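Asker: Structure of the sequence below:
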Amino acid sequence: MKPIKRRFFCAALLTAVMAASGIGTAAADTGCRGALLASTVVDRIPADKVGEYLRKANLDPSRAKFGVIAERIEYRTVTPNGRPTVASGLVVRPDGNPAATDLVSWAHGTMIYRGYAGSVSATDSTRSYAALFASAGYVTSAPDYLGLGTGPGTHPYLDVDSETTASIDALRATKQLAARERVRTTDRVLATGFSQGGPAAMALGRALSRGADPHLRLAALAPISGPYDLSGLVSTALSGGIDNATAYTAYFTVAWNRLHHLYDSPAEAFRDPAIVDLFDGNHPDQEVFPKLPATVGELLTPQFIEKLKHPTSALRRAFRVADGTCDWRPNVPVHLFAASGDHTVPIWNSRTCAGQLRENHATAEVVDVGAVDHLPSAKRASAQILALFQAS
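Answerer: Numbering: from 1, shown residues only. Presented below is the predicted three-dimensional model:
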């Protein structure tokens, strides 16, 4: 279908739109963070076709009631250094739902190529998961994060702070889009996400619980198969103890060097310095994976492996932040979905998270979706999460 694109402007118009919708002017008050700049309709699925669409994606269609409209949004947010930038994201809303609806925030998993983002790719799983929630009546916000989709620059992979700001600002922009389309939304946010999106959802929940936006309130938290113990997972990857260890380790190393300056020259970290060029966001998986060695020992220099095994200074501080997304006390029960058969992000990550939450006197449970691997764990969890959200 031909995209339908609309453009918006900041400041006065944003204030007017938000005031008219009764949701306040939080984005305008924070330098237009979250201001909706543009929207493009990328898909429409009528109510009589939603069930078939979800079944093809191996998702449970039993709770679908509405057709859905999917739009790519572009909105104002900030870089990891707090500088103004623009990000894209996907908003999927129910078509024809007259009642006030809660917001679902879906945080996606690892992607190397910007073109795989749900706002631009019709085949990425983000599109189908967002449609699942929207077909049940929720306006669903799925940020691409920074540097993916149509956003500028490179992606700060596994950077909790920018995942949080991108998610909050996407929710702000989503409320503006909903108000424009006369879809009433509440202040309740039901947060979930998969893999990389697990800690992102936890960090979003923490920010909302601490008052990051007075017009957004955490109402449920149910992430899936997340790397909550990132330092432990990196250590496991160094020994080849997870699937696709070289891809995840290379991506992490390149991205965190941009954030935390882990090396002066790529040759200090990589046996083949050209590996760095593969992780600029412009190379699809089929171009990246054939060029990666079989083991982490063949990927990284011995000196850099030792640096990852024994982090100091900026790297140690960064791991502490990444490992701390579960170290707080949510005011809602937390349901951590994971799979005992996961060889990419093992279930002990979720158990570690639950332990941290309980130490903070929070209510947390790990829900084992079975002896399936990483990607199927999200499909198995999704129907249960939707049921939890409807009961929240």
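Asker: my read: K309 touches L238, true?
Answerer: Yes: K309 sits in contact with L238 when judged by C-beta atoms under 8 Å, with a separation of 6.5 Å. Quick note: C-beta positions are derived from backbone N, CA and C, even for glycine.
Asker: Please say which of those two ends up with more neighbours.
Answerer: Set side by side, K309 and L238 show more neighbours around L238, with 20 against 11, by other C-beta atoms under 10 Å.
Asker: For F194, see how far away E365 is.
Answerer: 18 Å (C-beta to C-beta, to the nearest Å).
Asker: of the two, who's got more company?
Answerer: Using other C-beta under 10 Å as the criterion, E365 and F194 rank with F194 on top: 29 against 13.
Asker: give the contact list for that one.
Answerer: 107-109, 129, 223-226, 377-378 (C-beta atoms under 8 Å, 6 or more residues apart in numbering).
Asker: can you rerun that using 7 Å?
Answerer: 108-109, 224-225, 378 (C-beta atoms under 7 Å, 6 or more residues apart in numbering).
Asker: One more: G147?
Answerer: 114, 153-156, 281.
Asker: okay, the contacts of F194 in a markdown table with neighbour count and pLDDT next?
Answerer: A markdown table is the format used below for the contacts of F194 (neighbours: other C-beta atoms under 10 Å; pLDDT from 0 to 100):
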| residue | neighbour count | pLDDT |
| --- | --- | --- |
| H108 | 27 | 98 |
| G109 | 23 | 98 |
| I224 | 32 | 99 |
| S225 | 31 | 98 |
| A378 | 26 | 98 |
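Asker: Show me the residues you listed that map onto helices.
Answerer: Counting by DSSP state H, the members of the contacts of F194 that fall within helices are A378.
Asker: Select, from the contacts of F194, the two members most distant in space.
Answerer: H108 and S225 (12.3 Å; C-beta to C-beta).
Asker: and the next element down the chain from the helix or strand bottoming out on mean pLDDT in the chain?
Answerer: Ranking every helix and strand in the chain by mean pLDDT, DSSP states H and E puts helix 26-29 at the bottom, with a mean of 38. Moving toward the C-terminus from helix 26-29, the next helix or strand (DSSP states H and E) is strand 36-45.
Asker: in this structure, what spans have low per-residue confidence?
Answerer: Scanning the chain for pLDDT under 70 picks out 1-31.
Asker: any chance you could map the strands in it?
Answerer: 4-7, 36-45, 67-78, 84-95, 101-107, 139-143, 185-193, 217-221, 334-338, 364-368 (DSSP state E).
Asker: Count the neighbours of the spatially closest residue to A314 that is not a sequence neighbour for me.
Answerer: Nearest residue to A314, sequence neighbours excluded (C-beta to C-beta, 6 or more residues apart in numbering): H260, at 4.4 Å. A total of 17 residues lie near H260 under the criterion other C-beta under 10 Å.
Asker: residues in contact with H260?
Answerer: By C-beta under 7 Å, 6+ apart, the contact list for H260 reads 314-315, 318.
Asker: Please parse the chain into its domains.
Answerer: By the assignment in automatic domain parsing, the chain contains the domains 4-228+333-391, 230-322.
Asker: Return the most buried member of those domains.
Answerer: Highest mean neighbour count among these (mean count of other C-beta atoms under 10 Å): domain 4-228+333-391, with a mean of 21.
Asker: Against A222, how distant is A391?
Answerer: A391 is 11 Å from A222, by C-beta to C-beta.
Asker: Who is L218 paired with across the strands?
Answerer: On the basis of DSSP bridges, L218 is bridged to V189.
Asker: residues contacting it?
Answerer: L218 touches 189, 191, 205, 208-209, 330, 332, counting by C-beta under 7 Å, 6+ apart.
Asker: Any chance of these in JSON lines with distance to A38 as columns?
Answerer: JSON lines is the format used below for the contacts of L218 (distance: C-beta to C-beta, whole Å):
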{"residue": "V189", "distance to A38": "23"}
{"residue": "A191", "distance to A38": "25"}
{"residue": "G205", "distance to A38": "28"}
{"residue": "L208", "distance to A38": "25"}
{"residue": "S209", "distance to A38": "31"}
{"residue": "P330", "distance to A38": "34"}
{"residue": "V332", "distance to A38": "33"}
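Asker: In helices, which of the residues you listed appear?
Answerer: Per DSSP H, these map to helices at 205, 208-209.
Asker: For T165, state which of the residues you listed is nearest.
Answerer: Distances from T165 to the ones in helices among the contacts of L218, taken by C-beta to C-beta, are shortest for L208, at 12.2 Å.
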